[in-house]
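> Just need the structure, nothing else, for what follows:
(chains A and B)
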Amino acid sequence: NAGVTQTPKFQVLKTGQSMTLQCAQDMNHNSMYWYRQDPGMGLRLIYYSASEGTTDKGEVPNGYNVSRLNKREFSLRLESAAPSQTSVYFCASRQGQSLSYEQYFGPGTRLTVT
Amino acid sequence: SQQGEEDPQALSIQEGENATMNCSYKTSINNLQWYRQNSGRGLVHLILIRSNEREKHSGRLRVTLDTSKKSSSLLITASRAADTASYFCATVHNAGGTSYGKLTFGQGTILTVHP
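Predicted coordinates for the structure are as follows:
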């Protein structure tokens, strides 16, 4: 049982390049989330998927797109990377519809845009 | 914008001492959760307290919630060097529809426990 996995662990992009961050969970969770964490700050929500087939914007969605490929996988795409997107990206999942479930986090992807 | 504010921003103590971190939030919540993050790692859930609860314990952790003051505190008793990490509070609100379950994080408290 690997929990939440993310690939890649590290990535360096040039401004304007595109890439997709992959996330998968093996806990049969319904909801999945993408966050970014900037130095000295808490996590900010980019996009989330409450259930398979649905996605919604979070607090900072500009410059990103997501795909909930199936129940296990939720990917985050940067179409044209900008230096402001340099950050650590975390994927998380949550079991069900109740508000009282905790989230399980992946190890993160450290992205640098030059 | 960040929902929660935490203080202190950094806390340095000796092993064996207690560590107290505080979190304040702005709008009504369904529950409040505390997470821990070791350097360079993902977040790990520590404890969840619902809005109708006032205190909760888990091992050496004690969390209190005061909804009238919109604040929570996390107490780690008899701290160990291995408790060195960043600690975040996160709130879940009562919004319905597809927005539920979202966590809104505070900026975190960096705890250093010296052996």
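
> buried ones in stretch A:103-114?
Residues A:Q103, A:Y104, A:F105, A:G106, A:P107, A:G108, A:T109, A:R110, A:L111, A:V113 are the ones in stretch A:103-114 that count as buried (16 or more other CB atoms under 10 Å in any protein chain shown). The way it works is simple: take the backbone N, C-alpha and C, and place the C-beta from them, glycine included.

> go on, stretch B:17-26?
Judged by neighbour count (16+ other CB under 10 Å), stretch B:17-26 contains these buried residues: B:A19, B:M21, B:N22, B:C23, B:S24, B:Y25.

> nearest to chain A, of the residues you listed?
Using CB to the nearest CB, B:C23 comes nearest to chain A of those, at 10.5 Å.

> Could you point out the helix or strand that follows the strand or helix carrying that closest one?
Element membership for B:C23, per DSSP states H and E: strand B:19-24. Going down the chain from strand B:19-24, the next helix or strand is strand B:31-37, by DSSP H and E.

> quick one: strands adjacent to that following strand?
strand B:43-50 (antiparallel), strand B:85-92 (antiparallel) (DSSP bridges).

> For the closest residue to chain A within chain B, report the pLDDT, please.
The minimum distance from chain B to chain A, using CB to the nearest CB, falls at B:F105 (3.3 Å). pLDDT for B:F105: 91.

> what about the spatially closest residue to it that is not a sequence neighbour, neighbour count?
Counting by CB to CB, 6 or more residues apart in numbering or on different chains, B:F105 lies nearest to A:G42, which is 3.3 Å off, once chain neighbours are set aside. Close neighbours of A:G42, defined as other CB atoms under 10 Å in any protein chain shown, add up to 25.

> Would you mind measuring from A:G42 to B:L43?
Distance, A:G42 to B:L43, by CB to CB, to the nearest Å: 10 Å.

> Spell out which parts of chain B neighbour chain A.
Proximity of chain B to chain A, by CB under 8 Å from any CB of the partner chain, involves residues B:1-2, B:4, B:30-31, B:33, B:35, B:40-45, B:48, B:50, B:88, B:90, B:92, B:94, B:98-108.

> Quick one: buried ones out of those?
Looks like the residues of chain B next to chain A have B:2, B:4, B:30-31, B:33, B:35, B:42-43, B:45, B:48, B:88, B:90, B:92, B:100-108 buried, using 16+ other CB under 10 Å.

> follow-up on the earlier one: pLDDT on the strand holding B:C23, on average?
The average pLDDT within strand B:19-24 is 96.

> That one vs strand B:31-37, what angle?
For strand B:19-24 against strand B:31-37, the angle between stretch directions is 130 degrees (axes from the mean of the first three to the mean of the last three CA atoms, to 10 degrees).

> returning to that earlier point: same list (the strands paired with strand B:31-37) but as JSON lines, adding mean pLDDT.
JSON lines is the format used below for these (pLDDT from 0 to 100):
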{"stretch": "strand B:43-50", "mean pLDDT": "95"}
{"stretch": "strand B:85-92", "mean pLDDT": "94"}
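
> Make CSV out of the ones you listed and add distance to B:I13.
Output for the strands paired with strand B:31-37, formatted as CSV (distance: least, CB to CB, whole Å):
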stretch, distance to B:I13
strand B:43-50, 18
strand B:85-92, 13
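
> could I get the buried residues of stretch B:17-26 as CSV with distance to B:S68?
Below are the buried residues of stretch B:17-26 laid out as CSV (distance: CB to CB, whole Å):
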residue, distance to B:S68
B:A19, 25
B:M21, 20
B:N22, 15
B:C23, 15
B:S24, 12
B:Y25, 12
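
> Lovely, talk soon.
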